[in-house]
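Engineer: Fold the following for me, if possible:
(chains A and B, ligands or ions: 2)
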Amino acid sequence: MNRNGSIIHMSGIRKVYDTGKVKVEALKGVDLEIRKGEMVAIVGPSGSGKSTLMNLLGCLDTPTAGSYELGGDDVAGVTRDELAEIRNRRVGFVFQNFNLLPHISSQENVEMPMLFGGVPVRERRERARDLLTKVGLGDRVDHKPTELSGGQMQRVAIARALAMDPAIILADEPTGNLDTSSGSDIMSIFNELWKQGRTLVIITHDPALAKRASRVVEIRDGVVMNDHMN
Amino acid sequence: MSDLTIISTLFASSARLQKKRAYLTIAAIAWGTVAILMLLAFGEGLKRQLDRNRRSTGENLAVIWPGETSKTYKGLPAGRAIHVRAGDIDWIRERMPELRAVHGEMQTWRPATYGRTVKNLRIIGTNPSYGESRKHYPVAGGRFFNDEDEAQRRRVIFLGDEVAKDLFGHEDPVGKTLLIANSPYLVIGVMQHKTQMGMYGGPDSNHAVIPMSTFRAQFSREVLQELVIEVQDPAQMKAELRKLNEVLGPKYGYDPGDDHAMHTWDMVKSSQVTKNILTGIQLFLGIVGALTLIIGGVGVANIMYAVVKERTREIGVKMALGAKRRWIIVPFVLEGLTYTLVGGALGMTIATLLVASMSFIDIEHNKVLSFLGRPTLSLQIGMFTSCILGLIGVLAGYFPARRAASIDPAATLRYE
Ligand SMILES: Nc1ncnc2c1ncn2[C@@H]1O[C@H](COP(=O)(O)OP(=O)(O)O)[C@@H](O)[C@H]1O
Ligand SMILES: [Mg+2]
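Structural biologist: Ligands and ions are numbered 1, 2, ... in the order given. From the prediction side, this is the model:
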């Protein structure tokens, strides 16, 4: 974390996708500063670059230009394995399509980040069980993702995102594939996490969900158009 | 926590999803393994058989044929024929005591008669120790002639097994009398069957051997057709042959450096050539087998490529959650290894059974098989094959997995 308490500090971020024939400039110079404990909603039309931004925030991809400090550390020029470690310890991801591993149980899915983080087996088991209980799935630990509903899968994904106790949760349209009621359950969980002091960045289409955030950042055509507190 | 624990946990969780097509790949590897093992086993059998056949003429031997001088020597002109005589054997023996044996051979073709059967026969007159050196081992119930026979000029004869069959059919020749150029000879032994590779004058099974003293008396000969020397150690052969010329040269009046005075067949040297050819054959068979196995390896590479492709999203998810590259790659390598090792083990079992079943085939009395030998598996063959299998498995898993793990997780997660 740097002097002014910002956990995320992006400046002049550009991202160009080079697909051989055409080059798509998905982000055209984004400056973004997020302070610890904020709950930021990122909104914007489809194709505006929201997911691209989230991939960069979560170190799932590297920017074409610009600088990015995560928790006070510049992530430029960091090796792939070091980026893996940063994702493992500092960031928890929640995806629109859940991205759970289909062949293993909820329990094992939640344990996965802890396996990579070097948490001993016993502790891993216990913590995964606790987290699943907290998201209301204490009775579903041995179920495989395919045996769960969409809302339940997303709750497993949230438990997994929390496994390594990261400071930041990044969610890309976490309610996009859910019905309204499951969606609002998920949003309640996020609110809960925010109250506990975690930093959340949530991409959403839904204006109602955006209202529950402390701050709304609007992206349009690869640039930040609007940035206001709720 | 160690890498090993992480990798084994990941491998264990992915190993639960074996696919049906894995059976096909395993079968391909098994087939390739059988092919390479059988080829190598065939090569090994050939090698061992040829080695045995080579030894069946005798070991550490050289045959020397006296010829004509091609250089002048101490006032003597070139073109003089050299004649080594029966009495010279002891003379050489005295001067070269380090030799294990020195034999002389006299030869003649004469009709042999038993009952109504007549056969033109190559008859060799030689020393008693020839039996041991030239591996003329008697079938049970018979013997080779001895010093006593030689000293007494006895009319005894030792028959090659083919000769015995031609003259006596199914009768046991030992103790019977046959006529050689109208003189009676007592058959004292028949040679055990052997498949011979190196020979001069013809296979041993087609000649008959009598004591030299008897030969000299009956056929009035003194001159030896050839000398046969046996050394203690094959490494000495070259030096001993040179020494022989140095000993004989002054006696017979030829230059010891004259190649034409004595023609030599150094069996030690020619067996080295044979060995090199065999190594070449084995190398060739190994390469052909390895290529067959590599075709199976392409199958494994294919399946691993498909497996990795199928799990691209899974790889992306794991990387998003903090998996390092090696934790992604190594479980795939282990999976590839599992396919090749299971297939390899299957192939080895089949090949071992095949080779074992061939041990019941009688090769001794089959003209072709007695040269080819019996397919034989060895530890080296097993190791060689295992190494190739391991290499294929590792490469087949490594390359597709490395490729998938080098893409940014964002791109991998987008993949449908
Ligand atoms: N991997 C990629 N390769 C090429 N173009 C891409 C890639 N990812 C995104 N894009 C393009 O970048 C732009 C922004 O995409 P994205 O960030 O997914 O938008 P959003 O999430 O706001 O809908 C789009 O035009 C999209 O087609
Ligand atoms: Mg998107």
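Engineer: give me the low-pLDDT residue ranges for the chain?
Structural biologist: I'll assume chain A. A:1-4 (pLDDT under 70).
Engineer: meant chain B actually
Structural biologist: In chain B (pLDDT under 70), the answer is B:1, B:15-21, B:415-416.
Engineer: which stretches of the stretch 201-350 of chain B form strands?
Structural biologist: Ranges of strands in the stretch 201-350 of chain B, per DSSP state E, counting those that start in this stretch, are B:207-211, B:226-230, B:262-266.
Engineer: in the last one, what counts as buried?
Structural biologist: Along strand B:262-266, the positions that meet the burial threshold by neighbour count (16 or more other Cβ atoms under 10 Å in any protein chain shown) are B:262, B:264, B:266. All C-beta spots, glycine's among them, are computed from the backbone N, C-alpha and C.
Engineer: Across the sheet, point out what pairs with B:Val63.
Structural biologist: Beta bridges link B:Val63 to B:Val228, B:Trp265, judged by DSSP bridges.
Engineer: that older thread, can you tell me which of the buried residues of strand B:262-266 is closest to B:Ile392?
Structural biologist: Checking these against B:Ile392 by Cβ to Cβ gives B:Asp266 as the nearest, at 44.3 Å.
Engineer: can I assume B:Val34 is in contact with B:Gly347?
Structural biologist: Yes. Using Cβ atoms under 8 Å, B:Val34 is in contact with B:Gly347, at 4.7 Å.
Engineer: Which one's more surrounded, these two?
Structural biologist: For B:Val34 versus B:Gly347, neighbours defined as other Cβ atoms under 10 Å in any protein chain shown are more numerous around B:Gly347 (28 against 22).
Engineer: Excluding chain neighbours, what is closest to the residue in chain A that chain B sits nearest to?
Structural biologist: Nearest to chain B in chain A, going by Cβ to the nearest Cβ, is A:Asn88, at a distance of 2.4 Å. Excluding its sequence neighbours, the residue lying closest to A:Asn88 (Cβ to Cβ, 6 or more residues apart in numbering or on different chains) is B:Gly322, at 2.4 Å.
Engineer: Can you list phi and psi of that neighbour for me?
Structural biologist: Note on B:Gly322: its backbone torsions stand at phi 110, psi 20 [degrees, to the nearest 10].
Engineer: pretty sure it is in contact with A:Ala161, am I right?
Structural biologist: No. Between B:Gly322 and A:Ala161 there is no contact under Cβ under 8 Å: 11.7 Å.
Engineer: which non-adjacent residue is nearest A:Met229?
Structural biologist: Nearest one to A:Met229, counting by Cβ to Cβ, 6+ apart, is A:Arg215 at 5.2 Å.
Engineer: what's the burial count for the one you found?
Structural biologist: Neighbour number of A:Arg215 under other Cβ under 10 Å is 17.
Engineer: how near is it to A:His228?
Structural biologist: Per Cβ to Cβ, to the nearest Å, A:Arg215 is found 7 Å from A:His228.
Engineer: Could you do A:Glu38 as well?
Structural biologist: 13 Å.
Engineer: So the two - more neighbours on which side?
Structural biologist: Neighbours were counted for A:Glu38 and for A:His228 using other Cβ under 10 Å; A:Glu38 has more, 20 against 8.
Engineer: Contact partners for that one?
Structural biologist: Contacts for A:Glu38 were tallied using Cβ atoms under 8 Å, 6 or more residues apart in numbering or on different chains; they are A:199-200, A:214-215.
Engineer: Of the strands of the stretch 201-350 of chain B, which is nearest A:Gly29?
Structural biologist: Here strand B:262-266 is closest among those (Cβ to Cβ), at 87.3 Å.
Engineer: ok and the closest one relative to strand B:226-230, angle-wise?
Structural biologist: Angle of strand B:262-266 versus strand B:226-230, following axes from the mean of the first three to the mean of the last three Cα atoms, to 10 degrees, is 40 degrees.
Engineer: what residue lies at the spatial centre of chain A?
Structural biologist: Centroid check for chain A by Cα atoms, centre = their mean gives A:Leu170 as the closest residue, at 1.6 Å.
Engineer: Correct me if wrong: A:Arg90 contacts A:Ile169.
Structural biologist: No. Using Cβ under 8 Å, A:Arg90 makes no contact with A:Ile169, being 10.5 Å away.
Engineer: helix or strand for A:Asn226, which one?
Structural biologist: Of the helices and strands defined by DSSP states H and E, A:Asn226 is found in strand A:223-229.
Engineer: What residues of the longest strand anywhere in chain B count as buried?
Structural biologist: Secondary structure of chain B read by DSSP state E shows that its longest strand is strand B:101-114. For strand B:101-114, burial by neighbour count (16+ other Cβ under 10 Å) applies to B:101-108, B:110, B:112-114.
Engineer: Please, where are all the strands along chain A?
Structural biologist: Counting by DSSP E, the strands of chain A are A:6-18, A:23-35, A:39-43, A:65-70, A:73-74, A:91-94, A:168-172, A:199-203, A:215-220, A:223-229.
Engineer: among the ones you listed, which is nearest B:Leu369?
Structural biologist: Here strand A:6-18 is closest among the strands of chain A (Cβ to Cβ), at 66.8 Å.
Engineer: who in chain A is up against chain B?
Structural biologist: A:55, A:58, A:60-62, A:80-81, A:84-85, A:87-89, A:93, A:95, A:99-101, A:103-104, A:108, A:112-113, A:115-120, A:160, A:164 (Cβ under 8 Å from any Cβ of the partner chain).
Engineer: What about whichever residue of the stretch 201-350 of chain B sits closest to ligand 1, how many residues nearby?
Structural biologist: The nearest approach of the stretch 201-350 of chain B to ligand 1 comes at B:Gly316, 12.0 Å away (Cβ to the nearest ligand atom). Residues near B:Gly316, counting by other Cβ under 10 Å, number 25.
Engineer: ok, now the one 4 residues further on?
Structural biologist: Residues near B:Ala320, counting by other Cβ under 10 Å, number 25.
Engineer: likewise B:Asn53?
Structural biologist: 18.
Engineer: how about it, secondary structure?
Structural biologist: helix (DSSP: H, G, I helix; E, B strand; the rest coil).
Engineer: list the contacts for the residue nearest to it when sequence neighbours are not counted?
Structural biologist: Spatial nearest neighbour of B:Asn53, excluding adjacent residues (Cβ to Cβ, 6+ apart): B:Met197 at 4.0 Å. By Cβ under 8 Å, 6+ apart, the residues touching B:Met197 are B:50, B:53-54, B:56-57, B:274.
Engineer: Mind jotting down where the helices sit in chain A?
Structural biologist: Taking DSSP state H as the test, the helices found in chain A are A:50-57, A:80-90, A:106-116, A:121-134, A:150-162, A:180-195, A:207-211.
Engineer: Alright, I will stop here.
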